[in-house]
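*Asks:* Return a 3D structure for these sequence lines:
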Amino acid sequence: MRQITRDTTVKGDRGEEHNFEETTFAGGPGTLIHNQYPLLYAESVVKTLRKVHGDDYTTLFRAGGDGMPTLLHGFWQADADMSFDGLRLTTRRGINSWISGHPVHGSDIGGYRNLGGGPSESLFVRWAQQSSVTPVFQVGSSGRNSTPWVYDAATFDRFKRAAVLHHELFPYLYAQAVRASRDGTPITQAMAFRYPHEEAAWKADQQFMVGPDLLAAPVTADRAEADGAAGKPTPVDVWLPRGEWIDLFSGARVTGGRTITREATLDEFPLYLRASAAMPLNFRTPEIWSKPWGVNDLDRKDRAGWLVSPSADGRFGNLHAHSFGDHLLVRLTGAPQESQLMVPAGVKRVVIDGKPLAASTVEELRGKTTGWASVSSTPGTFGGTVLKLQPRHGSSTVLLSLS
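*Replies:* Okay, the predicted model is just below:
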């Protein structure tokens, strides 16, 4: 799988809205073609795209069946009700899509089938949060969610933060997409896919793994409607597998092997990093570069970032982490000229490439080539320690003493 460089995207809609079972064609009864039609539809579109654009195009279709993943790049789940029941159904559909071999999926944020007035502010935000950690983030419907700027400022800002998180996750999601193209491992995974011997995993149908190290539990309960309108948090039951997990929005370290209840305000949702892991993350908040990330920057050759647990241990692509006592050693190889780390924890001392450095403010850090700053968690953002690096010949070493 490779990135698309040209903006040639085709959404194939309504490929399944037909009924050939009672039709007779010159070649035979319609029952022989009824279930094959969506595949024939996709084949015709892809054949034309390849003729015009070669391999430089992408497709997102609604109808699907056996054989479709060999033709299409992804699918979206159309016409869900604009309700929390629709969001729950969409979550189940997405995490079950791997069964038919579809690793790339998304939905219309807020739903499509208008039940009157379009999605509420609470539903729109919660759906955007769910979409932020799925492969496809898109708006488009028959309601006001198709033009999200018509919502009030607070709702639009929450939607924007969900979109930013999706952009930040791009290198991680893309890495999972590459793996899916090679061995079929889904990007978002039902808990039972990764933990088949755990009974609780089979019951946890409103949460999922994103790749191997990120666990998301979107807020989908009906009570979230009233809670959001009243400015109250919504309790979410989350089953955490055995081991240690880091709550990215609060910074709390949580022991797994049990079900916990996480109170989630409208600014956040349960999102956990495996405590032994690190992952690529092109974070935009806080903005530490003198030349900020562009609105449409998904990836850049001259800049990259990583989210590193304070107890990470192992090799994660071109990042190697070793945790010992109250210290964390991080080594980068093959890194770009501008590299950044986010560690969801406080630190007392930082040594970058053999040089101890005092803490900076975020504002001061923007004007430096290397350094670090403590970051307080604000609504909808991660807190911890941000580090700015300038690797020599692609290599950099950081030693952190944790507080």
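*Asks:* part of a strand, is Arg179?
*Replies:* No: Arg179: not assigned to a strand; according to DSSP: H, G, I helix; E, B strand; the rest coil it is helix.
*Asks:* Any stretches of the protein with poor pLDDT?
*Replies:* Applying pLDDT under 70 to the chain picks out residues 1-7.
*Asks:* Spatially central residue in it, please.
*Replies:* Val133 (2.3 Å; C-alpha atoms, centre = their mean).
*Asks:* wait, what's in contact with that one?
*Replies:* The contact partners of Val133, taken as C-beta atoms under 8 Å, 6 or more residues apart in numbering, are Leu165, His166, Leu169, Thr188, Val210, Leu214, Ala216, Pro218, Leu271. To be clear about C-beta, it is placed using only N, CA and C from the backbone, and glycine gets the same treatment.
*Asks:* same check, this time on Leu281
*Replies:* Glu168, Leu169, Pro171, Tyr172, Gly305, Trp306, Leu307, Met342.
*Asks:* Using the three-state scheme, assign the third one.
*Replies:* Going by three-state DSSP, the secondary structure assigned to Pro171 is helix.
*Asks:* and the residue nearest to it when sequence neighbours are not counted, how many neighbours does it have?
*Replies:* Using C-beta to C-beta, 6 or more residues apart in numbering and skipping the chain neighbours, the partner closest in space to Pro171 is Pro280 (3.8 Å). Using other C-beta atoms under 10 Å, Pro280 has 21 neighbouring residues.
*Asks:* Contacts only, for the residue nearest to Pro391 when sequence neighbours are not counted.
*Replies:* Nearest residue to Pro391, sequence neighbours excluded (C-beta to C-beta, 6+ apart): Ala335, at 4.4 Å. Contacts of Ala335 were listed using C-beta under 8 Å, 6+ apart, and they are Ala304, Asn318, Leu389, Pro391, Gly394, Ser395, Ser396.
*Asks:* Looking at the residues you listed, which is nearest Val10?
*Replies:* Ala304 (30.2 Å; C-beta to C-beta).
*Asks:* immediately after the one helix or strand that closest one maps to, which helix or strand?
*Replies:* For Ala304, the host element (DSSP states H and E) is strand 303-308. Next helix or strand after strand 303-308 toward the C-terminus (DSSP H and E): strand 314-316.
*Asks:* partners of that following strand in the sheet?
*Replies:* Within its sheet, strand 314-316 is paired with strand 319-324 (antiparallel), according to DSSP bridges.
*Asks:* List the buried residues in the strand it pairs with.
*Replies:* Under the neighbour-count criterion of 16 or more other C-beta atoms under 10 Å, strand 319-324 has Leu319, His320, Ala321, Ser323 buried.
*Asks:* likewise stretch 27-39?
*Replies:* Neighbour-count burial for stretch 27-39 [16+ other C-beta under 10 Å]: Gly30, Ile33, His34, Tyr37, Pro38, Leu39.
*Asks:* Over to stretch 195-214?
*Replies:* 195, 198, 201, 204-211, 213-214.
*Asks:* so Glu287 makes contact with Glu363?
*Replies:* No: if you go by C-beta atoms under 8 Å, Glu287 and Glu363 don't touch, sitting 10.2 Å apart.
*Asks:* who has more neighbours, the two?
*Replies:* Taking other C-beta under 10 Å, Glu287 and Glu363 do not tie; Glu287 has more neighbours (14 against 10).
*Asks:* quick one: contacts for that one?
*Replies:* Trp293, Val362, Arg366.
*Asks:* Can you tell me which of the contacts of Leu281 are buried?
*Replies:* Counted by 16+ other C-beta under 10 Å, the contacts of Leu281 give Glu168, Leu169, Pro171, Tyr172, Gly305, Trp306, Leu307, Met342 as buried.
*Asks:* Run through the helices of the stretch 151-300 of the chain in chain order.
*Replies:* 153-168, 170-183, 191-194, 199-203, 223-230 (DSSP state H, counting those that start in this stretch).
*Asks:* Tell me the gap between the fourth one and the middle of its chain.
*Replies:* Translated: helix 199-203. On the basis of C-alpha atoms, centre = their mean, to the nearest Å, helix 199-203 sits 22 Å off its chain's mean C-alpha point.
*Asks:* Run through the bridge partners of Leu214.
*Replies:* Under the criterion used (DSSP bridges), Leu214 bridges to Val210, Leu273.
*Asks:* and Ala221, what does it touch?
*Replies:* By C-beta under 8 Å, 6+ apart, the neighbours of Ala221 are Phe84, Thr234, Val236.
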